[in-house]
Structure formats: C-alpha cells, structure tokens
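# What follows is a predicted structure for the sequence shown.
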Amino acid sequence: MAACGAAAAEYSALLSLPCGPITRRRFAVSCRARPPGNLSAQQKKKRGKNIAPKQLSSNAKLLLTTEENGQLPSTSLRTSMQPPQKSTSSEDDTNGAISQRDEKIAAIGNEQQERSKDKHFESDFQLEDFGEMIQNMEKNILLLNQARLQAIEDVDKILTEKEALQKKVDILETKLSKALATKGNINTDIPGDHLEKFTKEILIESALSGGNPAHLCESPLFMELTVLKEENMLLKADTQFLKAKIVEFAETEEFLFKLEKERSLLDATVRELEARFLVAQTDIWKVVPLQYDVWMEKVQNLQHMLGCLKNHVEKYAALLDRHDDLHDKIDELEASLKEGKTSEFSPYVVELLQQKLKAAKSRHQAGHQETNTHIQVYQQLTEEFQDNLGRLIEESGRLEHSANSMPSEFWSHILLMIDGWFLERKIPNTDARMLREMAWKRDDRICEAYFACKGAKESDVMETFLKLTKQVGGLADVVTGLGKALQTKGHLVEIVLPKYDCMQLDQITNLKVLDVVIQSYFDGNLFSNNVWTGTVEGLPVYFIEPQHPSKFFWRAQYYGEHDDFKCYSYFSRAALELLYQSGKKIDIIHCHDWQTAFVAPLYWDIYATRGFSSARICFTCHNFEYQGTAPAPDLSYCGLDVEQLDRPDRMQDNAHGRINVAKGGIVYSNIVTTVSPTYALEVRSEGGRGLQDTLKMHSRKFVGILNGIDTGTWNPSTDRFLAVQYSATDLQGKAANKAFLRKQLGLYSEDASQPLVACITRLVPQKGLHLIRHAIYKTAELEGQFVLLGSSPVPHIQREFEGVADQFQKNNNIRLILKYDEALSHCIYAASDMFIIPSMFEPCGLTQMIAMRYGSVPIVRQTGGLCDSVFDFDDETIPVELRNGFTFARTDEQDLSSCLERAFSYYSRKPMVWKQLVQKDMQIDFSWDSPASQYENLYQSAVAQARGAAQT
Ligand SMILES: Nc1ncnc2c1ncn2[C@@H]1O[C@H](COP(=O)(O)OP(=O)(O)O)[C@@H](O)[C@H]1O
C-alpha cells in the first residue's frame, strides 16, 4: 500500500512539471521513494532522465574545479540562495547539499591559505610579496563579493522570472484542467514555448553578463531546464493520448445524450399509445354489438395500432442494442483508464474522468433498465392486445356467423347467388336446392361459409358452399354402432370427439358446456379446452373444444385441412388429459384411425408413468391409405419425444424419413385391428401401403373384424325415411318405394319391374370411378335404370360427374344426384334391385350390407371387406346358403360387364330365384352383435393379461 501512495505522488509530480516546488517534491520522491526493485520500467525511464543527488554533487564538484580557474560558479551559488521560507523536507536536502558546497568554498579559501603558507615556509618568504598577496586577496575578496552581489541580483531576477513563469504555468494548469473537464483541448505547446523562451532568456542574459554560454549549458539550472523540456515533450505525448481519450469520451457522452433524447421521445409516444390502448381496450367490448362494417373498421384501426406498437418495440430493441454498444465503449474507456495508459496524468484529471465515466455508466444503466422495462411493458401490452383482438375476432366470428343478426338483404343476396350458380349451370339442382333450404332456414353454416371466403373468387366461394352439402363417411357409423353394441352387452362406453363447428347439433341431445376447463399441452404451452357433453344415439359423448389460436376444428369441415396433423395431435393429447383428469379407472381406450393413434405412444410414454396405467390400448385402422405422416419434429407438438420415437422400430415411416402415426398406433397398442379379415390379409402385403412389414412383425396382436351396421337405423320395417316400410316377408313395400323414387327423381318406366341399379358412395378413386361410370353406361345398354348418389371432395371429380349427370339429364333411366343426402340414401337403398360397388380396394364397406338389408342385391368387386360379406351366387366353392350376390375380380370394365349381365339375367329370367335371393339377403345378420363380441373377447384377454401382469 505504501508503494501505491508513493506512485500516486509521482503521477502528481509529472503532471505538475512546470511548477517549481512540485518539481522539487518530484525529485524527493524519485530519490527516496522506493528501492530500485520497486520501480516500474516507466518510472525507471523517468528516473534516468532526472538528476540524482549523486550527479548533483559531482556537478557541484566540477563547478568548484571551474571556480579554481577563476570561473564563477554562479549557478551553484544561486542554488544556495533558495528562499528559506519555501524550504520543505526535500528542500532541506537540497539546502544540505548547498551548505556542503559553502563549506567546500570555505575550504578552498583555507586550502589556498594553506598552500600560501607552505609556499612561504618552503621558499624565502618576502614581506612585499605577502603584502601583495594580501592586496590581491583583498582584490579577490572584493571581486568575489562583487560577483556574489551580481549573482544574488541574477538569482533574484531569475527567481522573479521563475515566479512569473510559475504564475503563468498555474494559469495554464487551470486552463488545462478546465479544458480537460470540458472539451479536452489541451495546449501543451504553451508550457513548452515558455520553457523555450525562458532558456533563451537565460542564454541572452548570460551572454550579456559576459558569461560563457557553453559553460552555461553545463550549469545545473540549464540542465534542469533541459530535463523540464524533455519531460514537457513526454507530457505532450501523454496529453495527446489523453486528448484522444477525452474526445472519445465526449463522443460517447454525445451519443448517450442522443440516446436519452431518443428514449424520451419514445417514452412520450409510448405514453400516448398507452392512453390510446386503454381507450381501445374499452372500445373492444363496446364494438361487439355494433354492425359488422363498423366493427371491421374498428378492428382495422386496432390492427393499425398494433402495427405502430410493433414498430416502437422494434425501435426500443434497436435502442437497447445501441445502449449495449455504449456500455461496451464505456467499459473500454474505463479499462484503458485503469490499465494505466493515463497513469501519468494528474489524479485530478483521472478522477474527473472516472467520475464522468461513473455518471455516464450509471445513467446508461438506468436508461438500459428503463428501456428494458418499457420493452417488457410493450410486449405485455402487445400480447394483451393480441389476445383481445383474438377474442374480438372470435366474438366477431360468432357475431358474423350468427345468422339471426344478419339483415334480410344478406339472405336475399345469398339466395340470388345460389340461384345464379344453378341457372348458370355451375352447381346441380340438388345442391342448389339443399343450399336454398339452408338459406331459408337461416342456417348459421351458410353465414360462416359466406364470411370465410368473402372476397375470394367465385369458384372458391362455390366450393366452400358445396362442402356444406357433403358429410363424413362410414367411420361415425362404426363408432356409434360398435359403442351401442358394447353398451347393450353391459359395458360402460364413453366417446370423446372434437367439437367440430360443422357438427349436426340436432343429433346431440342435452348438449351443454361443463363449468370446467381442461388444460392440455401443445407445442411448449398449456392451452385451455372447453368440455361439452351430450348424448348421441344414447351414447355419452364428450366434445373437446380447444381454445387455441389456430382454431382447430373450427373450419366448417371435419378433416382435410392443411394442418390435420397438428389438429389431431392436439386433440389426442387433450382427450388423454381429459381421461387422466377424470380420475376414472379405464380398462380399454379404443382409438380409431391415425387421427387418434397419437394416444398410444402418449399413453405409454407420458401418462402411464404418471400412474394412469390401468388401461390397454386398442387401435383400429379403418383404411391404411391414410397413415398420418409428417416431418419428424412435428411429433413434438403433442409432447412426444422425437428422438425416442423417430426410429425404424417405432414411429419412423418405413419408406420416407418422416414420422408415421398409424405405425405408432400399431407399435404402441396392445390390440391392433382392421375392419375385415380379408383386408387384414391384404394389408400384410401390397395393401399395407408401406406398413406391411410392421404389420407382419406385430401380427400376433393384429386381427381383422368385419364391421357391422347399425341395424336400428338401417331397418326397412321401421325406416322413417321410406315412403312405405317393408320386410323380407312383405316385399310389396319395396316395390312401392321403387315407384316413389322413380317419381321423385323423374325416372320414367312403363315396366314397373325394370331393374333399378343403385350406387351410393363418396366419389373418390378408391371406389373405382371408371367402373362406376362404366356401370352407368352398361346399365343403360342393358335397359335397366341407374341412380347414383354421391359427392366428391375432389372438385375435378365432382365436375366430371356433373358432366355425366348433364348428359343423362333428359334420359328417363339414369339419374346422378351429386350430393350427400342421407334421407335420399335410405330411399335409394329401399327402391333399388341391385347395388353396385366396384371398389379398387375396400377395407370393409358398409353399403353392401345396408343394401342387402334393404333387399338390394350387391354386385361387387372381390376386395377387402366385400370378399367377407358378398359371396357369388354362381360360385360353387361357396356353400349355397352363403351365396348372396354377384362378384367379379378384375378392375377392367369387361369383368364388371359380365357380372352385371349375369345379375340382369337372373333378375329378368328367374324372378322367383331373385326374390328368394332378396329375401335371404334381407335376413342376413349384419348387426354389430357379432363384431362387438369379437372385440369384447379381444378387450377381455388384454385386460386379463394386464391384471395378470399387475399381480405378478
Ligand atoms: N352421397 C351420400 N349421401 C348419403 N350417404 C352417403 C353418401 N355417400 C356415402 N354415404 C353413406 O356413407 C357410408 C359409406 O360407408 P362405406 O361404405 O364404409 O364407405 P366409406 O369409405 O365412405 O366409409 C354409408 O353409410 C353410405 O350410405
């Protein structure tokens, strides 16, 4: 610590070089401050430039030698004339050296006297000589005295000059400090000039007083001046460095000021925005009851404000970056100050700089903190605002889609639009009629469809409207059919479904939302889900309504959205969460199709580890065409571990580097089923669509169970859609239904027994579109009648069949009804004599079973479930009692043609055989009873295994 104190004193001395007393203090410090080992290289360098006492004394000796030669050591004499009042401890040292010199001068006199004495004794001593000597001595003394007086005068003069110079230096120092404190302008040339001037003055003065300038150069004062000059040069360099630093600092300060100015401007804007926000937020809830246009304007305003806010947040973020730059700069400056680059500056300046830096730093830190707080507030406000806007938009959705709030002008516009499409032959009459009906009933879905595609081109608007006329396929039938059958067998069955916005709410009784919110995980966050309950055909159903910004299941259709993978991974996780939170001890969770296959890995990887492990998982794949693949990372949305599951033996797709959810269902379930035994065989080879190896590997838990049909719904003796109910023992009613449909569809026939061929299907390639088309032409050729009820989710297929429909518009025997119409489907099943299903592949197929139940003989291609339910009437390899229809194997038109010809032949040539066949078909048990028993067996053995495992 002592060394530090000494070092501080030395910095002070170096900076105050032009000041005399301080110079002496510097010497004192350099000489005695510390042992050489303690000196820094720089200090050693400096010390080398200083005059050490030893050198001083040797200089003094030289001067004295000169004095011997008659030269007056005026400088040394002047040195001894330092005013006593200015003496300090270091001065004492100097004075000590001076008094030594006085003693030596006295000693010279004595020596001369001694030498004179010796001379006198050594040679003959003459009195005159002695007298002369005394006279000379007196002269010398006189001269010496004169010289002394002259020297005293000179010294006084120099001292006055020095004092004047010192004053100037003091002024300069003050100026320098001021400059340092303000602009950093230091003029080091001023002391340098003064020193130069001072040196010149001494030389001139010395020359004038007859002194030798050469000797003067060797005098201690002159040398001291030289040292001062050198040090001044050093100071100059140091000052330049300091100057640069100060300029840098000034720039930084200026930058800081600018930032602060900018920030206060931003603050003002923020305050204004905050105020506008408050108004906007209050407005949000005021605008809901307003008319749509006014509302839209408000939303646009809010969105504009959101844009402004975002800009400001970005600006703030940029400001924060600049603050960080500034912080670095300040740190740099501070480091360079600490490093000692400026160690030779006055502590005053260093302290000043450090104080300024400290102030700048704390100002910067405060600014930084404030900016951060503002950004946080901004972000919070933005989120809040977005939430409100989201809710507002959602609310608007309801408002928009609320048919009751729409004025009559709106409905007139919709009706005219539908009529226009029909008259321009853009949509078939059947669709137009259905849409018109919906518009008359002020159906909410019409409003939703209209606003969903407002501003889109006409073809897209039409497509959206046409979707309203289509419904889902057979899966819903399976879930309710199996559920009801299991319920009848005494099991407690509950169904969990997404709450689709397009659900037919009139099919659900006691629909209500529960006063509870289930939180479920998705993509790193928890989202709330409303839970609705209701009964469908006597089955308890839970409907999950996600409160997610992506509006899952709020798309006016069941599936076929670009983000189906996300929608259903969300639903699977939420459904499991609902079961988990319900605290029930569940035996079986039965998942249908890839959309819910996420449940199997989620259950075993996440929920079973939480103690929710009583259940066993059954996965039924209704169609291996749809497997649910996506890029592997997408699996993590629902919380599954991608790294663990993206493996060939787990969920990695067998062909592409994607994730395959159906595969996950197979690997992670205890029971895997598909919808018919033949399809189960087919999918183990080609029909598996890449999953054949996985299915082979898991074949022990994989079975095919033929679906049943809901014989309650599909019962001709009770069917409320039919004109006349009938049964196998009373086929009169069937003929009545045929006559009624002909009338309804404008099919004319003089022959009541003219065969009527029907097809009710989704118009998709799987259903054998070319064969359906061929069957129409072939029927016409065979002079039969044909009715097609179907719709396609694929626009070009829909258009293609519309073309065919147009072609037969005036034909008495052919009708194509290109829409989804359940009521009509019942009538067609009842009215038809033959039912054609030429599918390319058919996992199970329900229509052949429904057709048989209604006495319509199936003509099917031998594939999948059709093989397990339709047996050819002429196939002698099959027991007669099982033979119930007509089948063909190939996918070409020829095979279909000959099959159709065979059927027509029996119908027209052997009416009694035909009647027996119809009656037999109507009596086949296609109920869910048998399939449900098979599922029951599977469930029971899985549960028994689980219990067994739990006991061991
Ligand atoms: N356009 C339609 N109108 C009314 N019902 C239809 C229509 N198309 C198909 N269906 C019904 O959909 C179900 C089809 O089930 P299924 O034969 O298994 O075929 P999918 O492959 O479509 O599930 C049947 O109940 C059938 O009556």
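Looks like it arrived, so ask away.
# list the helices and strands the lengthiest helix in the chain packs on?
With secondary structure taken from DSSP state H, the chain has its longest helix at helix 220-287. With contacts defined as 3 or more Cβ pairs under 8 Å, 6 or more residues apart in numbering; DSSP states H and E, the packing partners of helix 220-287 are helix 2-15, helix 41-49, helix 53-68, helix 74-80, helix 127-181, helix 189-208, helix 292-339, helix 347-401. Where C-beta positions appear, they are placed from N, C-alpha and C, glycine not excepted.
# Give me every residue in the protein lying close to the ligand.
The chain has residues 473-474, 477, 760-762, 789-791, 820-822, 825, 844-847 near the ligand, with proximity defined as Cβ under 6 Å from any ligand atom.
# if we go to 8 Å?
Taking Cβ under 8 Å from any ligand atom as the criterion, the chain approaches the ligand at residues 470-475, 477, 622-623, 707, 709, 760-762, 764, 766-767, 789-791, 817, 819-822, 824-825, 829, 837, 842-848, 850.
# are any of these buried, and which?
Buried by 16 or more other Cβ atoms under 10 Å: 470-471, 473-475, 477, 622-623, 707, 709, 760-762, 764, 766-767, 789-791, 817, 819-821, 824-825, 829, 837, 842-848, 850, out of the residues of the chain next to the ligand.
# These in helices, which ones?
475, 477, 824-825, 829, 847-848, 850.
# Quick check: the farthest pair among the residues you listed?
Leu475 and Leu824 (20.7 Å; Cβ to Cβ).
# what's the least confident stretch among the helices and strands packed on helix 220-287?
Note on the helices and strands packed on helix 220-287: helix 2-15 shows the lowest mean pLDDT, a mean of 30.
# correct me, but Gln725 touches Leu731?
No. Checked against Cβ atoms under 8 Å, the pair Gln725 and Leu731 is beyond contact range at 11.7 Å.
# so who does the residue of the stretch 551-700 of the chain found nearest the ligand touch?
As assessed by Cβ to the nearest ligand atom, the ligand sits closest to Asn623 within the stretch 551-700 of the chain, at 7.0 Å. For Asn623, the contact set (Cβ atoms under 8 Å, 6 or more residues apart in numbering) comprises 593, 843.
# ok, 6 Å please
The contact partners of Asn623, taken as Cβ atoms under 6 Å, 6 or more residues apart in numbering, are Pro843.
# Nearest residue to Tyr500 in space, ignoring adjacent ones along the chain?
Phe553 (5.1 Å; Cβ to Cβ, 6 or more residues apart in numbering).
# Around that neighbour, count how many other residues there are.
25 (other Cβ atoms under 10 Å).
# which SS class is it?
coil (DSSP: H, G, I helix; E, B strand; the rest coil).
# That one against Cys502, yeah?
No. In this structure Phe553 lies outside contact range of Cys502 using Cβ atoms under 6 Å: 8.9 Å.
# Keep only those of the buried ones among the residues of the chain next to the ligand that are in strands.
Using DSSP state E, the members of those that fall in strands are 760-762, 789-791, 817, 837.
# Have a look at these and tell me the least confident one.
Ranking these by pLDDT puts Ser791 at the bottom, with 90.
# Look up how far Met462 lies from that residue.
14 Å (Cβ to Cβ, to the nearest Å).
# next one: Val513
Going from Val513 to Met462 by Cβ to Cβ gives 34 Å.
# now swap in Val517 and tell me
Relative to Met462, and taking Cβ to Cβ, Val517 is found at 39 Å.
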